[in-house]
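*Asks:* Got a predicted model here, sequence first, then my questions.
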Amino acid sequence: MSFVIATPEMLTTAATDLAKIGSTITAANTAAAAVAKVLPASADEVSVAVAALFGTHAQEYQTVSAQVATFHDRFVQTLSAAASSYVAAEAVNVEQSLLAAVNAPTQALFGRPLIGNGADGSPGTGQAGGPGGILYGNGGNGGSGAPGQRGGAGGAAGLIGNGGNGGAGGVGTTGGAGGHGGAGGWLYGNGGAGGFGGAGAVGGNGGAGGTAWLFGVGGAVEPEAMASTMLLFFCQFSDGYGTAGRDYEISSYFGSLRGLNDRPCSSLHLIFF
């Protein structure tokens with residue numbers, strides 16, 4: 001059994017009590033300041049030495065008291081900040097617990113929360129973003145597509161919220177299409193932007209923007225990806241083909257294309273793919 005108990009109320013009370021102690025210390029220091037300098041009882045050497053001793057002691061006390069007061073103020077501030085952080089953390093925990101209890105029935109019945117944002121799709125899977133809360137929440141963003149595959153669609157919002165953005169299409173020989181943006185909220189919200197088409201020899205189509213309903217703006221439609229075209233040069237010799245174009249040089253703008261070992265080309269072949 002633990003004998004140490006900490007609650008936000010107890011921390012706040014402790015900080016208040018410490019602040020009162022600080023006020024008492026300040027009052028004591030103020031009262032002691034009046035006797036910081038001690039006058040000798042008479043002009044003899046003993047009286048002067050005793051007065052100097054107590055005067056030095058009083059000055060050292062004021063120095064130490066100032067340091068104690070500074071430490072006390074910082075300690076009270078730290079304790080007060082800890083109490084505030086404790087209260088904020090407890091409030092978040094209560095909020096999360098309350099939302100979990102409220103969202104559980106709608107999640108089980110409709111596959112979406114009552115309040116909250118939808119989950120984002122995992123990258124490289126083409127997974128669709130989760131739908132936003134029925135009352136309030138944004139749709140999740142779609143995950144990017146696997147190589148050559150379509151990106152995931154953005155999740156739709158509920159009553160109020162923005163649709164999720166579509167995921168980008170996967171890169172491949174034929175680029176995957178971008179995912180469509182999720183629809184905005186039925187009452188208010190913007191549609192999500194469509195995902196970019198994947199790059200490839202044949203670029204993928206960009207995803208369509210999400211629909212906006214009563215109040216909101218439709219999502220942007222992303223353009224089709226540019227095709228990645230590769231050009232190879234092949235030089236025909238008398239004994240067959242040469243190798244890729246990086247092995248050749250052009251002597252001048254109007255000059256001839258020559259191959260390895262400065263052998264002239266009988267014909268030039270350009271291959272696009």
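*Replies:* Sure, I can see it. Numbers count the residues shown, from 1 in each chain.
*Asks:* if I look at G181, how far off is N103?
*Replies:* Per C-beta to C-beta, to the nearest Å, G181 is found 24 Å from N103. C-beta here means a position set from N, CA and C on the backbone, and glycine is covered the same way.
*Asks:* Contacts made by stretch 66-86 with the rest, please.
*Replies:* When contacts are taken as C-beta atoms under 8 Å, 6 or more residues apart in numbering, the neighbours of stretch 66-86 outside the stretch itself are 6, 8, 11-12, 14-15, 18-19, 21-22, 25-26, 29.
*Asks:* which residues of the stretch 1-150 of the chain score low on pLDDT?
*Replies:* Applying pLDDT under 70 to the stretch 1-150 of the chain flags residues 1-6, 8, 32-41.
*Asks:* redo that, cut-off 90
*Replies:* Using pLDDT under 90 as the threshold, the predicted model of the stretch 1-150 of the chain has low-confidence ranges 1-116, 118, 124, 126, 133-137, 144-150.
*Asks:* For the helix or strand containing D17, which residues meet the burial criterion?
*Replies:* Taking DSSP states H and E as the definition, one finds D17 inside helix 8-32. For helix 8-32, burial by neighbour count (16 or more other C-beta atoms under 10 Å) applies to 8, 11-12, 14-15, 18, 22, 29.
*Asks:* Between those residues, which sits nearest T125?
*Replies:* When the buried residues of helix 8-32 are compared for distance to T125, the smallest value, 42.8 Å, is given by P8; criterion: C-beta to C-beta.
*Asks:* So what does I115 look like in phi/psi?
*Replies:* When read as degrees, to the nearest 10, the backbone of I115 gives phi -140, psi 130.
*Asks:* Skipping adjacent residues, who's closest to it in space?
*Replies:* Spatial nearest neighbour of I115, chain neighbours left out: G133 (4.4 Å); criterion: C-beta to C-beta, 6 or more residues apart in numbering.
*Asks:* Against G161, how distant is A108?
*Replies:* 21 Å.
*Asks:* More neighbours: G181 and N103, which one.
*Replies:* More neighbours sit around G181 than around the other of G181 and N103, counting by other C-beta atoms under 10 Å; the figures are 35 against 18.
*Asks:* And what about that one, helix, strand or coil?
*Replies:* Classification of G181 using DSSP: H, G, I helix; E, B strand; the rest coil returns coil.
*Asks:* was I right about it contacting G192?
*Replies:* Yes - applying C-beta atoms under 8 Å as the test, G181 and G192 come out as touching, 3.3 Å apart.
*Asks:* ok, the residue nearest to I115 - how many residues close by?
*Replies:* Other residues near G133 number 26, with proximity taken as other C-beta under 10 Å.
*Asks:* follow-up on the earlier one: let me know the closest of the contacts of stretch 66-86 to G145.
*Replies:* In terms of C-beta to C-beta, no member of those lies closer to G145 than P8, at 48.1 Å.
*Asks:* domains of this protein?
*Replies:* Dividing the chain into domains by automatic domain parsing, as the record does, gives the ranges 8-110, 113-226, 231-272.
*Asks:* Buried ones in stretch 105-121, by neighbour count?
*Replies:* For stretch 105-121, a neighbour-count test (16+ other C-beta under 10 Å) marks 106-107, 112-121 as buried.
*Asks:* Of those, which belong to helices?
*Replies:* Mapping the buried residues of stretch 105-121 onto helices (DSSP state H) picks out 106-107.
*Asks:* can you redo the buried residues of stretch 105-121 as JSON lines with distance to G169?
*Replies:* Converted to JSON lines, the buried residues of stretch 105-121 look like this (distance: C-beta to C-beta, whole Å):
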{"residue": "T106", "distance to G169": "32"}
{"residue": "Q107", "distance to G169": "30"}
{"residue": "R112", "distance to G169": "26"}
{"residue": "P113", "distance to G169": "29"}
{"residue": "L114", "distance to G169": "33"}
{"residue": "I115", "distance to G169": "32"}
{"residue": "G116", "distance to G169": "28"}
{"residue": "N117", "distance to G169": "24"}
{"residue": "G118", "distance to G169": "21"}
{"residue": "A119", "distance to G169": "21"}
{"residue": "D120", "distance to G169": "17"}
{"residue": "G121", "distance to G169": "13"}
